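Visitor: Just to be clear, the model below is a prediction. Sequence and coordinates:
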Amino acid sequence: MPVDALDARILRLLLEQPRTSVREYARILGVARGTLQARLDRMEREGVTTTAGPRVSPAALGHPVLAFVRVEVTQGHLDEVGQALAAVPEIIEAYSITGGGDLFTRVVAKDNGHLEDVIQRLIQLPGVVRTRTEIALRERVAPRVLPLVEAVGRAAPSGPRAAR
C-alpha cells in the first residue's frame, strides 16, 4: 500500500505522540477528524499500523541479559521447532532466516547462567542440531521506524490520494 505525505505525517505523530487523541492529531495536522480516522482505519486494515499495547522492558522484569541465538534445524523440522520455541518464555522473537542457521531468536535472561539454561533447553528440542549465541553488550539504536517513516514521507507524493 503506498503511503502518501499525509499518511507519513500521521505516522510521525503516532510515533512521536502516541498518547494524543485523534481530535488533537487532526488539529495538529489541519485535517478533519473524519479524514484522519479514515486514514488511521485504512492504515490498520492494510497492515501499515498495528494496534499496540505498552512496550514492556524485559530488563525491568528482571531479565537484563539480551542474546541473539541462531538455531540450526534438521531439514523438515522448521515448523515443529518454531512451535516449540513459542513455548519458551525467554524467547521474545524468532524468525526463520537465510544464511548461517535456520532460525534467529532474541532471548532474554536473568543472568548468564540463566541464559545457559535457556540455551540448553533449546539444544534438547527435537529437530535442533546446534545453536550459536551472541550476547548483546549495549543497545546502540533502540527499535524504531520514525527515520523510515520520514524517508518514505519525503519520497511520497503530496496532494490528494489517487482514487482506490
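Guide: Here it is on my side, so go on. Numbering: from 1, shown residues only.
Visitor: tell me the mean pLDDT over stretch 113-133?
Guide: In this model, stretch 113-133 has an average pLDDT of 97.
Visitor: Give me the contact list for that stretch.
Guide: The contact list for stretch 113-133 (Cβ atoms under 8 Å, 6 or more residues apart in numbering) reads 63, 65, 67-74, 77-78, 80-81, 84-85, 88, 90-91, 100-101, 107, 109, 135. C-beta: built from backbone N, CA, C; applies to glycine.
Visitor: Which among these count as buried?
Guide: Using 16 or more other Cβ atoms under 10 Å as the burial test, the contacts of stretch 113-133 include 63, 65, 67, 69-71, 73, 77, 81, 84-85, 90-91, 101, 107, 109 as buried.
Visitor: so of these, which ones are in strands?
Guide: Under the assignment DSSP state E, those contribute V65, A67, V69, R70, V71, V73, I91, V107, A109 to strands.
Visitor: Let me know the closest of the residues you listed to L14.
Guide: L14 has its nearest neighbour among those in I91, at 28.2 Å by Cβ to Cβ.
Visitor: Show me the beta-bridge partners of that closest one.
Guide: Per DSSP bridges, the residues bridged to I91 are V107.
Visitor: Looks like it contacts V107 (just checking).
Guide: Yes - counting by Cβ atoms under 8 Å, I91 does reach V107; the two are 5.5 Å apart.
Visitor: Find the nearest non-adjacent residue to T133, please.
Guide: Closest residue to T133 apart from its sequence neighbours, by Cβ to Cβ, 6 or more residues apart in numbering: V69 at 4.9 Å.
Visitor: quick one: the one you found from G62, how far?
Guide: In this view, V69 and G62 are 19 Å apart by Cβ to Cβ, to the nearest Å.
Visitor: so what are the domain limits for this protein?
Guide: 5-53, 59-135 (automatic domain parsing).
Visitor: what about the most centrally placed residue in the chain, which SS state?
Guide: By Cα atoms, centre = their mean, the chain has its centre lying nearest to P143, at 7.6 Å. Look at P143: counting by DSSP: H, G, I helix; E, B strand; the rest coil, its state is coil.
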